[in-house]
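K.L.:
give me a 3D structure for the following:
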Amino acid sequence: MLTGRPVVDSEQQIPDEIDTLAPLQGIKFLRKLRPLLQRLHADACERDRAGNRQLFYDDLGSLVLLTFFNPSLKSLRDLHRASRLEQVRRRLDCKATSASSLSEALRVFDADLLREVALDLLGKLPDAPTSDPRLSKLAHIPTAVDGTLLKQLPQVTQACFATRKDRGWKMHTHFEVLRGIPVKGYVTDASGKGPASEKAVLRNTLEPDRCYIVDRGYEEFALFNAIAQAKSSYVCRVRNDHTLYFEEVRELSPEARAAGVLKDAQGRMGSPKSKRIEHPDHMQRQIVVKMTDHPKRGGRRRKEATQDIVLVTNLLDVPAEVIALLYRFRWLVELFFRWLKCVLSCRHLISQSANGIQIQMYCALIACLLIQLAGGKDVRPNQWTYKLLCLYADGWATEEEVMAHLEERRRQTQKIETA
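P.N.:
This is a model prediction of the structure:
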């Protein structure tokens, strides 16, 4: 028999009172993280033959989530010391633990179980109003996919250990651009080779009924075929020197010209005479969009030659201006990475193992979803929203002050959408 709290069924669902989360309930939910994590309690308990386990998966999840709502906690040693505080143990319902136990737990517990918690939270989020009514008619869910480097060591230290080839870790993220939320996250080494390449990770995580919006790093005929076979679609920027063997050149509508579309052609990429490479097994469209220059505001200002954006897609019936609009939404995943690193302070990794970093990243996604739940569908959280929720969780801000800020953000969001 294990010591501590009773073992919870791993299939247990989030309690019923959380099924309909209003903004006010979302704020109170920040103080009730345990119901989210109870299903994790029994994970890896079969390893404890002596029956003296003190640190369970739900304890670890609560402590890691604490780092996102109290940014002063940045390391395992901080969590070890925080677990010895009476108020932390009481509010998180956990026991004092050692740094070595935390380090081992990050290697032992199954990171994929946290993904199930994140998926349940996704189901609690209300549908956000579509910013453009044309996007609501799409058959597939627009999902931006990209990766970001998570450096394990400072740059100076890494330079001293030049023999390390993977340069740290990389997080591959699927981001629903219309709802503004991450839905998947995978951690690999940063070598970019073999199973760690962006193309291989996306190929292994494909789902049906999604429109994957990707940049030039995902350009690969085999990947395009795999997406089409998964009954999904893609919008991918490709190199400008690629040749599309045309079968039809479409006439541009006034809406497409107003959106900056210069060309809309249908055909297939790659030379049909070449036997050395795989070719697309489906019909494609090439959309050429005029590049919009954005002058650099600071730093070294270099004059760079701008080229038009060339997009390739298997969406044959979608207007060209909508495809151009979809690619513009890809930038939201870059803003999410900035939020993850700069606001949630995920630049510092609390583990040196891939599984531990995966746990940290899933906890970061859960923290993002909790922040979105606190604001509701009509609020776009900003940096002060996150800081105010941290102050509220620590007892420095009142519920009325948080609600006043959310109402102000709601008015600002409505003003932006109606502009």
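K.L.:
phi, psi for residue 363 please.
P.N.:
For residue 363, the backbone dihedrals (degrees, to the nearest 10) come out as phi -60, psi -30.
K.L.:
helix or strand: which one has the nearest residue to it once chain neighbours are set aside?
P.N.:
Nearest non-adjacent residue to residue 363, counting by Cβ to Cβ, 6 or more residues apart in numbering: residue 64, 4.4 Å away. Glycine gets a C-beta too; all of them are placed from N, C-alpha and C. Per DSSP states H and E: residue 64 is located in helix 57-69.
K.L.:
so how far is that helix off the chain centroid?
P.N.:
How far helix 57-69 lies from its chain's middle: 19 Å, per Cα atoms, centre = their mean, to the nearest Å.
K.L.:
cool, stretch 236-249 as well?
P.N.:
For stretch 236-249 - counting by Cα atoms, centre = their mean - the centre lies 30 Å from the chain centre.
K.L.:
in that stretch, what's buried?
P.N.:
By neighbour count on 16 or more other Cβ atoms under 10 Å, the buried set for stretch 236-249 is 236-238, 244.
K.L.:
can you pull out the helices in the stretch 301-419 of the chain?
P.N.:
For the stretch 301-419 of the chain, helices defined by DSSP state H, counting those that start in this stretch occupy the ranges 320-328, 331-338, 354-375, 383-393, 399-418.
K.L.:
return the most buried member of those.
P.N.:
Using mean count of other Cβ atoms under 10 Å, the stretch among the helices of the stretch 301-419 of the chain with the largest mean neighbour count is helix 354-375, at a mean of 23.
K.L.:
centre of the chain versus it, how much separation?
P.N.:
The answer for helix 354-375 is 9 Å, by Cα atoms, centre = their mean.
K.L.:
cool, and stretch 406-419?
P.N.:
24 Å.
K.L.:
what does stretch 69-85 give?
P.N.:
That offset, for stretch 69-85, works out to 24 Å (Cα atoms, centre = their mean).
K.L.:
tell me the mean pLDDT for that stretch?
P.N.:
Confidence over stretch 69-85, taken as the mean pLDDT, stands at 86.
K.L.:
shaky segments in this structure?
P.N.:
Scanning the chain for pLDDT under 70 picks out 1-34, 47-52, 126-131, 151-167, 271-278, 292-306, 347, 377-378, 416-419.
K.L.:
bridged to the residue nearest to the spatial centre of it, which residues?
P.N.:
When Cα atoms, centre = their mean is applied to the chain, the residue found nearest the centroid is residue 182 (3.4 Å). Legend: beta-bridge partners of residue 182 under DSSP bridges are residue 175.
K.L.:
show me where the stretch 151-300 of the chain has its helices.
P.N.:
For the stretch 151-300 of the chain, helices defined by DSSP H, counting those that start in this stretch occupy the ranges 155-160, 198-204, 221-229, 254-258.
K.L.:
and these as a markdown table, adding distance to residue 345 and mean neighbour count?
P.N.:
Below are the helices of the stretch 151-300 of the chain laid out as a markdown table (distance: least, Cβ to Cβ, whole Å; neighbours: other Cβ atoms under 10 Å):
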| stretch | distance to residue 345 | mean neighbour count |
| --- | --- | --- |
| helix 155-160 | 17 | 10 |
| helix 198-204 | 25 | 18 |
| helix 221-229 | 33 | 18 |
| helix 254-258 | 42 | 13 |
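K.L.:
contacting residues around the residue nearest to the centre of the chain?
P.N.:
The contact partners of residue 182, by Cβ atoms under 8 Å, 6 or more residues apart in numbering, come to 173-176, 336, 365, 368.
K.L.:
what's the burial count for the residue nearest to residue 363?
P.N.:
Neighbours of residue 64 under the rule other Cβ atoms under 10 Å: 26.
K.L.:
I'd like the distance between it and residue 283.
P.N.:
47 Å (Cβ to Cβ, to the nearest Å).
K.L.:
and if you look at residue 384?
P.N.:
Where residue 283 is concerned, residue 384 sits at a distance of 48 Å (Cβ to Cβ).
K.L.:
and residue 61, by the same measure?
P.N.:
46 Å.
K.L.:
distance to residue 406 for the contacts of residue 182 - can I get that in a markdown table?
P.N.:
Below are those laid out as a markdown table (distance: Cβ to Cβ, whole Å):
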| residue | distance to residue 406 |
| --- | --- |
| 173 | 26 |
| 174 | 27 |
| 175 | 23 |
| 176 | 22 |
| 336 | 20 |
| 365 | 21 |
| 368 | 16 |
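K.L.:
for residue 45, state which of those is nearest.
P.N.:
Of all the contacts of residue 182, residue 45 sits closest to residue 365, with 25.0 Å by Cβ to Cβ.
K.L.:
check contacts around the closest one.
P.N.:
Contacts of residue 365 by Cβ under 8 Å, 6+ apart are 118, 182, 185.
K.L.:
residue 67 reaches residue 76, doesn't it?
P.N.:
No. Judged on Cβ atoms under 8 Å, residue 67 makes no contact with residue 76 at a distance of 9.9 Å.
K.L.:
so which of the buried residues of stretch 236-249 sit within strands?
P.N.:
With strands taken from DSSP state E, the overlap with the buried residues of stretch 236-249 comprises 236-238, 244.
K.L.:
for residue 348, state which of the residues you listed is nearest.
P.N.:
residue 237 (32.0 Å).
K.L.:
quick check: bridge partners of that closest one?
P.N.:
So, taking DSSP bridges as the rule, residue 237 has residue 311 as bridge partners.
K.L.:
any figure for the gap between it and residue 217?
P.N.:
9 Å.
K.L.:
buried ones in stretch 103-122, by neighbour count?
P.N.:
103, 105-106, 108-111, 113-115, 117-118, 120-122.
K.L.:
just to check, residue 114 is in contact with residue 40?
P.N.:
Yes. The pair residue 114 / residue 40 is scored as a contact, 7.4 Å apart, by Cβ under 8 Å.
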